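Chemist: Let me see the structure of the following:
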Amino acid sequence: MDRAVLVSAPPRDLDPRVAEEHLQELARLTDTAGGEVAAVVRQRLDSPSPKTYIGQGKAEELKQVVESSGADLVIFDEELSPAQGKNLEQVTGARIMDRPELILDIFATRARSKEARMQVELAQLEYLLPRLKRMWSHLSRTRGGIGLRGPGETQLETDRRLIGTRIADLKKKLRDVARAREIQRQSRQGEFRAALVGYTNAGKSSLLRALSGSDVFVEDRLFATLDSTTRSVELGDGYQVLVTDTVGFIRKLPHHLVASFRSTLEEAREADVLLHVIDASHPDREEQEQVVAEVLADLDLDDRPQVLVYNKTDRLTHGEEESLRDRVRAFTSVPAVFVSAHQPDTLDALRSALKARMRARLHEVRLDLPARDGEVLALLYREGEVVHRDDQGARIDLTVRVPEAVLGRLRKREGIRVLDVA
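Modeler: Residues are numbered from 1 along each chain as shown. Okay, the predicted model is just below:
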């Protein structure tokens, strides 16, 4: 297990409580990656040093902390430039990582499907390419010996070409996967779809398991799941929705990672509604909400219909939950529900919110159709809502609510009269 020194160097004007929460999250990321926190170094900055990010004196202090703690790794909470990483390694003699590289490493260990593994590899290679020279110099210093002394510029240039070729190959393969995913989505047209989005560890997978009753992997760690999972959820009254769990977001999410996961997040783009899952019990709930909003905006998803799903209410007192409800009602017009994946009765509010969204996109029509047309009757009961039925021998008079796609099919069907549309 790697022993790591964590470095927190936020702007001086950042709230100290928020800075401490960022550091605690970095510690959780380190634990998720399989590391052990050996020590912590803090410094408040007016502006980062272009050479070492932290000040020269603090860099010397960091070297002493590394030596005294027996650490072999230093992890910065901020993104470092290639030059800053190289200079810090020369000062401390330890391997230097920043937050984006740590997140990429976690994603690499958590990816299960072929697509997720390709996405993570692409993000890692794009992150690595400008830092390749530092990686080689670090390798030659820490593992020097016969055959490993001074790889030189020839090997460096060879690696750059190989990485460039691999990046192009991965992008092509991911475009192919995206096309296949698009075909899958087209096959589900006409079905109402919802996508779970939110900060990592907000409880999206737990909610999907509780709603669907199916086996969905759940773990109380950051980025427990990366691969999107879709399950059918019964809402009652004949309503059914396809719910997709997507990768969790986090503050300072590496932009290479966001870009490479775009095809997976297309599930959210195609959804009829986004279920923004929020950990209601988290002390930095509002900041996490803002992080998710910013990532959604970056993905051009901020205009999608949303329902705010405040999860983990079982961890709140009655007074805390009431205060949260009042605050949400006062500051947002977006529909909001308050649930706990561990309290099944609270999920009725979410099911009702989804049914309301489904009804809002349905057309209410009156139909006159042959009683023998069992195929259409089955379609109406399966994909619509039958409001009224009057059997008149060989004909049936129906009032139903149906999606636009079903209404189009009814208009083209012989023997059916669409009498009026609301």
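Chemist: For Ala394, grab the count of nearby residues.
Modeler: Per other Cβ atoms under 10 Å, the neighbour tally for Ala394 reads 8. All C-beta atoms are positioned from the backbone trio N, CA, C, and that covers glycine.
Chemist: Would you check how far apart it and Arg372 are?
Modeler: Going from Ala394 to Arg372 by Cβ to Cβ, to the nearest Å gives 8 Å.
Chemist: Verify the contact between Leu73 and Gly35 for me.
Modeler: Yes: contact criterion Cβ atoms under 8 Å: Leu73 and Gly35 qualify, at 6.8 Å.
Chemist: Can you work out which residues contact both of the two?
Modeler: Asp2, Arg3, Ala4 (Cβ atoms under 8 Å, 6 or more residues apart in numbering).
Chemist: among these, which ones are buried?
Modeler: The neighbour count (16 or more other Cβ atoms under 10 Å) marks Arg3, Ala4 as buried among the shared contacts of Leu73 and Gly35.
Chemist: In JSON lines: the shared contacts of Leu73 and Gly35, plus pLDDT.
Modeler: Putting those into JSON lines (pLDDT from 0 to 100) gives the following:
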{"residue": "Asp2", "pLDDT": "86"}
{"residue": "Arg3", "pLDDT": "93"}
{"residue": "Ala4", "pLDDT": "94"}
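Chemist: List the contacts of Ala268.
Modeler: Ala195, Val197, Thr244, Thr246, Leu274, Leu299, Leu301, Arg304.
Chemist: What's the local residue count around the closest residue to Arg166 other than its chain neighbours?
Modeler: For Arg166, ignoring the flanking residues on the chain, the nearest one in space by Cβ to Cβ, 6 or more residues apart in numbering is Leu125 at 6.1 Å. The local packing of Leu125 (other Cβ under 10 Å) involves 19 other residues.
Chemist: next one: the one 4 residues further on
Modeler: Using other Cβ under 10 Å as the criterion, Leu129 is surrounded by 15 other residues.
Chemist: My reading is that Ala202 lies in a strand. Confirm?
Modeler: No: counting by DSSP: H, G, I helix; E, B strand; the rest coil, Ala202 falls outside a strand, being coil.
Chemist: Glu60 versus that one, what's the distance?
Modeler: Taking Cβ to Cβ, one finds Ala202 at 40 Å from Glu60.
Chemist: Also Thr313?
Modeler: Taking Cβ to Cβ as the criterion, Thr313 is separated from Glu60 by 48 Å.
Chemist: Equivalent analysis for Ser69, please.
Modeler: Separation of Ser69 from Glu60 (Cβ to Cβ) stands at 15 Å.
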